[in-house]
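K.L.:
build the 3D model from these lines:
(chains A and B)
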Amino acid sequence: MLGLQLPLLVTVQINMELLLLTLLAFWTRLSQLSYPNAVVFDEVYYGQFVSLYMKRVFFIDESGPPLGHMILAVGAYLGGFDGNFLWNRIGAEYPSGVCVWSLRLLPAVCGSLCVPLVYLLILELRLTHCTALGAALLLLLENSLIVQSRFMLLESVLIFFQLLSFLCYLRFHNAPHSSWSRYCWLLLSGASCAAAVGVKYMGVFSYLLLLGVACLHTWQLIGDRAVSHVSVCVQCVCRCVCLLLVPLLLYVFWFYVHLSVLYRSGPHDQLMSSAFQASLEGGLSRITQGQPLEVAFGSQVTLRSSASQPVPCWLHSHKANYPIRYDNGRGSSHQQQVTCYPFKDVNNWWIIKDPGRQELVVSTPPHPVRHGDIIQLVHGMTSRFLNSHDVAAPMSPHAQEVSGYIDFNVSMPAQNLWRVEIFNREAESEVWKTILSEVRLVHVNTSAVLKLSGVSLPDWGFRQLEVVADKLNKGHQSSLSWTVEEHRYGTMCVCAGQEQKEREAELHSPTHIDVDSNISFWAKFLELQWKMLTVKQEESEHKYSSSPLEWITMETNIAYWLHPSTNAQIHLIGNPVSWGVANLSLSAYQLLALVYLLRRRRGIKDLPDDAWSQFVAVGWLCVGGWAVNFLPFFLMEKTLFLYHYLPALCFLFLLTPALLEHTHSHLLSCLAHRRALCVCALAAAASVFLSYRTFCPLTYGRPELSANQLQDLRWRESWDILYRRR
Amino acid sequence: MAKGECTTQWSKTEDTCSTLRNRKAFLSSEKQQQDSQPKDGDNSQTAGHSSKDGTQSSNGTSAQWTDRGTDPPRKETHSSVLLLLVTVLSFSTRLYKIMEPAHVCWDETHFGKMGSYYINRTFFFDVHPPLGKMLIGLAGYVTGYDGTFPFIKPGDKYEHHNYWGMRGFCAVLGSFLPVFAYLIVLELSQSRTAALITATLLIFDTGCITISQYILLDPILMFFIMGAVLSMVKFKQQTHRPFSAPWWLWLVLTGVNLAGALGVKFVGLFVILLVGLNTAWDLWGLLGNLHLSLVDIAKHFLARVVGLILLPLFLYVTIFAIHFVVLNKSGPGDGFFSSAFQSRLIGNNLHNASMPEYLAYGSTITVKNLRIAGGYLHSHWHLYPEGVGAKQQQVTAYLHKDYNNLWLVHRQDENNSEKASQSGAPDLVRHGDIIRLEHKETTRNLHSHLHEAPLTKKHFQVTGYGINATGDANDLWQVEVCGGRKGDLVKVLRSKVRFLHRATGCVLYSSGKTLPKWGWEQVEVTCSPYLKETPSSQWSIEDHINPKLPNISLSLLKPHFLEILLESHIVMIRGNSGLKPKDNEMNSKPWHWPINYQGLRFSGVNETEYRVYLLGNPVVWWINLASLGLYVIMVAVASVALQRGVPLDQRRRGRLHFCGLRGGGLLLLGWLLHYAPFYTMGRILYYHHYFPAMLFSSMLTGKIPEITENICDSCFISFFFYLFHPLSYGMRGPLAHEPASAMAGLRWMDSWEF
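P.N.:
Numbering: from 1, shown residues only, chains lettered A, B, ... in the order given. Below you'll find the model as predicted:
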């Protein structure tokens, strides 16, 4: 007998509250998702990346790691978006072929799921269903969250992962200590932390908060003498793996996917090193394909500076001399200018010459240049030698001028010998290799090093970048190093004027390089990550940008979209009542916590221990979550918008009902007071709903309002609501 | 000196951790006994630094009434001998070759100059609070420096000028650092070895010597920082007998030193934070002590509020009061301040100003923004660059007085100024009039249009437009006197005026943001469509020149002292945040500092010059770094062990106690507070900003006896000091990469530039 009992009964318990909330959330976030059928606000920014994903073109976005973009791209992929849309302005109509609904689907789903997540999170804090319902309602009826979820934007995804990570952690923490399956929750928590960080760097702060709390709990575990040493060790290791190692690996994994999906070269190539570019299909790899690998005497090369900030540039010279006197009265050598030029140009070609030989051709077999060899560099178009001497450079007078040598017969001898120093020779080889070798050119007479100073020359230098020879020799600096990018072996005699002919000369290809295999994923990852963190964002003000202090009181709004002909419009405006209630509860909690702390310190325990620990737990989650998502913005020097406050706000919404419950069960003893509190809470809920209804037209963009109605909605003087009078 | 003597005698043998608490009251009274002998010796040591001794004497007297007199154990004589040794060594290393080089080194050009300003009583502006420069000025004054040396640029020869006083003063304050460090570590660890190690590290650190030897604010700042920490530690030792006289004394001294630290540089805030956190922790402990009544706790609380908040605040304000009283002559800093402020300064054109009282057509005026540290409306021959609005002439706000700040007032329909001159007395401008402002130097009109402003994108761009006063309708501005009615006259200096742009309805506005290099880092001027009345959109007419009108003596309302104080702080803070690194300038990064990555050139570059290079003794700094790491590991391991309840033997437990959380934690916190904030600072940073933090990390090193006892005895350190001493005391001859150099073979890192 199998022990089967008939009839087969399946008992399912469904929390109708939760189900209803979820359905409502989906309804508020997903209904009529494809309206407006136009580019809304930052969709114009994220959209271009989605397009690049669809076309598999490499890009670099310094604002955040790639997971967020990838999630958006998945939505686009499901909708069959082919990437052929020009994201050039807000308000541009989507063509009929674009499935707008699918582009916006995933953020909207994430945004909707936040509502049940909050519900569950409150339950995990051991608070009542009523409280959970309150928190979920606040989130559900928050206009700004709805707006932010309904478009192709990343905040809702970020909030989703943040809440998920805390929920999983609390599940882990609250599970009975004997079960090992609870580590699945911890693993999931770590994974969603990685996802949150992968969506936006802001996620790091909530991750740190979670780590801090986990450390505290682990510390208590260590102090628990009832647990054996072995068990403690194993548990600590498990926690480390789940919360440190797994998130780290996952974070790298996002980049792995990113880099393996995007294999074509594109507009952002030039920010990356030559080796990185060569690993992308098209672009540089097309140029460098079939180039000889080893640089030999007689090679024709372009030299790219490794300091690719802010734009790449190549060593360049042209038929123009340094002015005899600069504006400030200093003199120059009046020899030919040598600069760094940010565009590909025929004047970027230089020929490597052996000082001992006259010919500019590669001998057979080629005689490769090695570390320590002395070379001369001849400019291809003008046949001037790269020269440096003890004359102050035009913009950086502490350094030496670098010039194309012209003999003016003024007792200024040519000093055109340069020693090649390959400083990644341990990693690569002693021989100078195209793209791979990073080379320093040391001036033999003065031991100064050829350097990109980073300053642009004035008009006489055509605003190109200044190149100097600098005596200072401070270890490795990217401005000192140069790589050969384009390379061919010269075969014909180069005389001035024949360069065009020369350029068309047949190219040898003795060794075929496959640079792709030479650069590992880790090298690419590290380079990309480093670039993302160091590329400077231009700090500029936007019409709707705001400062963190203005967020608390919702001083500014953001106009997301305006109908081209009518008054229908979408704004990022929060629900003023919820914001007010949230702010109130924040200050109330802080006050209460202070009073409790002082009184406990004096030995007066107002709360039973479990109530106190619950109060503390609510504090670290809600107030802590708010603080870590809000305070760091004060230190940031980038352009900030109201939507940056939304993650912090979500945590405040958790606080409000939790505090109400605390008041209800611990502070008020009299029944009448409790009833009054309930009535107040209900009234607040009702007014939240009413103000949600009031602002609905600005949230969903319809129905269209008249100018007067819009004016009535302008509750704050500082809000910018546009209306056409007809 | 005397301070050192009378406070250290209770140095202890390492064994009696437990009995220590009980003995303290006793010991601290014993110490007075041997004061008298070494004090005499010390005074002769430090003769010539009389300014210091003055402040010390209070300790000596206060000590007297706790004098009960017991026989000092022999150990304590040892201790005082050690202290004497530390003092002598410290002074001799710092004062050696104090006169060399006889030219201006590095920032001496600023702080020496400002010292001279105090002697000459000319008003200037600096981003740091005044105490440090005041003391430098005082030291110069006392030693006979007459304030005539111009301090134009580094490398200028002093020649016959008396500069030794100022340098000597800084060096003396710098010499106290090892002594203070010795005392602090002695207090915290009760181990003479630890204290001695700390003192050795600091005495033989080339960086500390170099930075103490010149006219800089840093030695003064560090003196106050260390003084504050020392008094705080001493104060803590008095916990067991609150409200006694020494308790009060150390409390007050802590407060005084805090005020001093903040009065020298705003970096002093970090030590205030350190003391504040420590005090809060103390109070928290007191609050938890249920034997104390609430009244007692309130007393404790109030005493600390008075000693650590009110007293320093009072002293700090006093410093500023002295600053404003002393500097009563007009000088280079005038333009940073409001008109009312300037009228205080003798020699300023607003001092007892006399000019036509009401604004008239045809006058030449300067227009000053009314926000605090707002500049003069300014224009110059340069255009806005490509891509920044229309390519027309820049209009900015400029803080210095300059010919380019002059504007001519015209009627809207009048084409040039000569017409007006034909009629007799010029007409006066009234509220509601429409005028045109012509820039005197470039003859362009003040102009605005519907282009975005360069930085504040919500506003419109303001430019100079037209030539020889012919422009277009966008050049017209309506004058509005705040609170005035139509027809009111515009009072020079006293009226708050707004300029409304006729065509777009926006109002002339100074955003306070600094333009990038193309705008010469002057302040942006925009036209704001938001018409709220703020000081940023209000202007006053400061200079008013009209030969056809009679000059009337105007007495401005003298500003209240608190207003001046607030104003000068806002100016300073703005100046500080304005010190952004320039693009091509070598900027030192905070992570460079603890590893001693790169120093600072104080003087001289090439082989023939006398070179001084600020660089810490690498051995000292690297030991510091290593022991910092070691300390963290030790504490981590120890606390895990404690938490796990691992049984520890008595010796270990004792050691944990004193290298443990209390003392060591305090020093670690000090190091963190003086180091970590630099990572968030946007302003330009220098290597020498690390020195206060370095003091803390050296003290921490001393507290880790296990490693330090063995390897870093004095000989070891002083050997490396001998090797590196030319960095501080100066060197000539070939650079380090040549074998003939004194520093040959010592350039261990490529980034060191000697």
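
K.L.:
find the closest residue to chain B in the stretch 601-726 of chain A.
P.N.:
Relative to chain B, the nearest point of the stretch 601-726 of chain A is A:Arg601 (4.7 Å; C-beta to the nearest C-beta). Quick note: C-beta positions are derived from backbone N, CA and C, even for glycine.

K.L.:
so that residue makes contact with B:Asn289?
P.N.:
No - A:Arg601 lies out of contact with B:Asn289 (C-beta atoms under 8 Å); the separation is 9.5 Å.

K.L.:
who has more neighbours out of the two?
P.N.:
A:Arg601 (15 against 11; other C-beta atoms under 10 Å in any protein chain shown).

K.L.:
list the contacts of that one.
P.N.:
B:Trp284, B:Leu287, B:Gly288 (C-beta atoms under 8 Å, 6 or more residues apart in numbering or on different chains).

K.L.:
model confidence for residue 4, exactly?
P.N.:
The chain I'm using is chain A. A:Leu4 carries a pLDDT score of 61 in this model.

K.L.:
can you look at chain B instead?
P.N.:
37.

K.L.:
sec struct for the residue nearest to B:Leu251 when sequence neighbours are not counted, please.
P.N.:
Once flanking residues are discounted, B:Leu251 sits nearest to B:Gly307: 4.0 Å by C-beta to C-beta, 6 or more residues apart in numbering or on different chains. Look at B:Gly307: counting by DSSP: H, G, I helix; E, B strand; the rest coil, its state is helix.

K.L.:
same check, this time on B:Leu450
P.N.:
From three-state DSSP, the assignment for B:Leu450 is strand.

K.L.:
roughly how far does it sit from B:Thr504?
P.N.:
6 Å (C-beta to C-beta, to the nearest Å).

K.L.:
overlap in contacts, these two.
P.N.:
Contact criterion C-beta under 8 Å, 6+ apart; residues shared by B:Leu450 and B:Thr504: B:Phe460.

K.L.:
gap between A:Asn567 and A:Leu705?
P.N.:
For A:Asn567, the distance to A:Leu705 equals 6 Å [C-beta to C-beta].

K.L.:
again with B:Met743
P.N.:
B:Met743 is 78 Å from A:Leu705, where distance means C-beta to C-beta.

K.L.:
kindly report the same for A:Pro365.
P.N.:
Using C-beta to C-beta, we find A:Pro365 at a distance of 81 Å from A:Leu705.

K.L.:
residue ranges with poor pLDDT in chain A?
P.N.:
For chain A, the stretches with pLDDT under 70 are A:1-5, A:283-290, A:308-311, A:428, A:472-477, A:490-518, A:536-541, A:725-726.

K.L.:
so A:Trp561 makes contact with A:Phe41?
P.N.:
Yes - the pair A:Trp561 and A:Phe41 qualifies as a contact (C-beta under 8 Å) at a distance of 6.7 Å.

K.L.:
so what sits against both of those two?
P.N.:
Both A:Trp561 and A:Phe41 are contacted by A:Ile90, under the criterion C-beta under 8 Å, 6+ apart.

K.L.:
so between those two, which is more surrounded?
P.N.:
Between A:Trp561 and A:Phe41, counting by other C-beta under 10 Å, A:Phe41 is the more crowded of the two (23 against 20).

K.L.:
was I right to think the more buried one contacts A:Tyr560?
P.N.:
Yes - taking C-beta under 8 Å as the definition, A:Phe41 is a contact partner of A:Tyr560 at 4.2 Å.

K.L.:
what do these two both touch?
P.N.:
Between them, A:Phe41 and A:Tyr560 share the contacting residues A:Phe151, A:Leu572, judged by C-beta under 8 Å, 6+ apart.

K.L.:
give me the contacts around the one helix or strand B:Val367 maps to.
P.N.:
Using DSSP states H and E, B:Val367 sits within strand B:364-369. Here strand B:364-369 makes contact (C-beta under 8 Å, 6+ apart) with B:338-339, B:359, B:374-377, B:397, B:405-409, B:437, B:440, B:492, B:497, B:510, B:535-536, B:538-546.

K.L.:
okay, A:Pro365 and A:Leu705: which has more neighbours?
P.N.:
Using other C-beta under 10 Å as the criterion, A:Pro365 and A:Leu705 rank with A:Leu705 on top: 19 against 8.

K.L.:
ok, the more buried one to A:Leu713 distance?
P.N.:
In terms of C-beta to C-beta, A:Leu705 sits 7 Å off from A:Leu713.

K.L.:
find residues that contact each of the two.
P.N.:
Any residue near both A:Leu705 and A:Leu713 by C-beta under 8 Å, 6+ apart counts here, and that gives A:Pro697.

K.L.:
sec struct for B:Val409, please.
P.N.:
Of the three states, B:Val409 takes strand under three-state DSSP.

K.L.:
ok, now how distant is it from chain A?
P.N.:
According to C-beta to the nearest C-beta, to the nearest Å, B:Val409 and chain A sit 32 Å apart.

K.L.:
how about B:Pro594?
P.N.:
17 Å.
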